[in-house]
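In: Got a predicted model here, sequence first, then my questions.
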Amino acid sequence: MQMVKIGLVTISDRASTGVYEDLGGPAMYDWLTSALSCPWHAVKHIIADEQALIEQTLIKLADEEGCCLILTTGGTGPAKRDVTPEATLAVADKVLDGFAEQMRAVSLKYVPTAILSRQVAVIRNQSLIINLPGKPTAIAECLDAVFPAVPYCIDLIDGPFITTHSDRVQAFRPKHAKQVADE
């Protein structure tokens, strides 16, 4: 079975300088550890809220590191320094609006300010990039909501075959989809 490489990017001025403890990166890592049943490896970055740096990091993870999935946390609000969606869209080949719509819909069940979130999901070459909120509980809620579609999406962009612990997350693949774990 092929090793799955997943990029985890925390985007925060304060966390990148050590002023603030990174909570989002560990939350993404812990969620994936509980959900994935296939061998995987995290490629982690903590960077400042700088659009050019975010773009460079996403391009490196997708094109050079070969990450089939890249999750970001932070920088998706309306504040002046929140530029994660702009950077993500700048490196995108395709936009997948359904991911963002679902994440906002789920988040609205918990906080009315979820309508302020501007996260996006895109495809770059053979990588799925998903912007997540910054709060650890919101990260888990959003991943619970959208991850059932992630393995099949990665299949469709010719990525590795991702499997999940079915008691944690039920990955959905249509009946006609290729069911191959070893290549």
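Out: Thanks, I have it. Numbering: from 1, shown residues only.

In: Apart from its neighbours in sequence, what residue is nearest residue 87?
Out: With sequence-adjacent residues excluded and distances taken as CB to CB, 6 or more residues apart in numbering, residue 87 is closest to residue 54, at 3.6 Å. In short, each C-beta sits where N, CA and C put it, glycine included.

In: can you pull the contacts of the one you found?
Out: Shown in contact with residue 54 (CB atoms under 8 Å, 6 or more residues apart in numbering): 9, 11, 47, 72, 75, 83, 84, 87, 88.

In: how about 7 Å then?
Out: By CB atoms under 7 Å, 6 or more residues apart in numbering, residue 54 lies in contact with 11, 47, 83, 84, 87.

In: go on, residue 10?
Out: 22, 24, 25, 46, 73, 74.

In: Of the residues you listed, keep whichever come out buried.
Out: The neighbour-count test (16 or more other CB atoms under 10 Å) marks 22, 24, 25, 46, 73, 74 as buried among the contacts of residue 10.

In: What strand or helix carries the residue nearest to residue 87?
Out: Using DSSP states H and E, residue 54 maps to helix 51-59.

In: Extract the C-alpha trace of that helix and format it as PDB.
Out: Extracted in PDB, the C-alpha atoms of helix 51-59 (Å, rounded to 0.1, in the frame of the first residue of the first chain):
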ATOM      1  CA  GLN A  51      -0.200  35.500   0.900                       C
ATOM      2  CA  ALA A  52       3.000  34.900  -1.100                       C
ATOM      3  CA  LEU A  53       4.300  32.600   1.700                       C
ATOM      4  CA  ILE A  54       1.000  30.700   1.800                       C
ATOM      5  CA  GLU A  55       1.000  30.300  -2.000                       C
ATOM      6  CA  GLN A  56       4.600  29.100  -2.000                       C
ATOM      7  CA  THR A  57       3.900  26.600   0.800                       C
ATOM      8  CA  LEU A  58       0.900  25.100  -0.900                       C
ATOM      9  CA  ILE A  59       2.700  24.800  -4.200                       C
END
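
In: ok now that helix, how far from the chain's centre?
Out: Taking CA atoms, centre = their mean, to the nearest Å, one finds helix 51-59 lying 15 Å from the centre of the chain it belongs to.

In: same thing with stretch 127-135?
Out: Worked out by CA atoms, centre = their mean, stretch 127-135 lies 3 Å from the chain centre.
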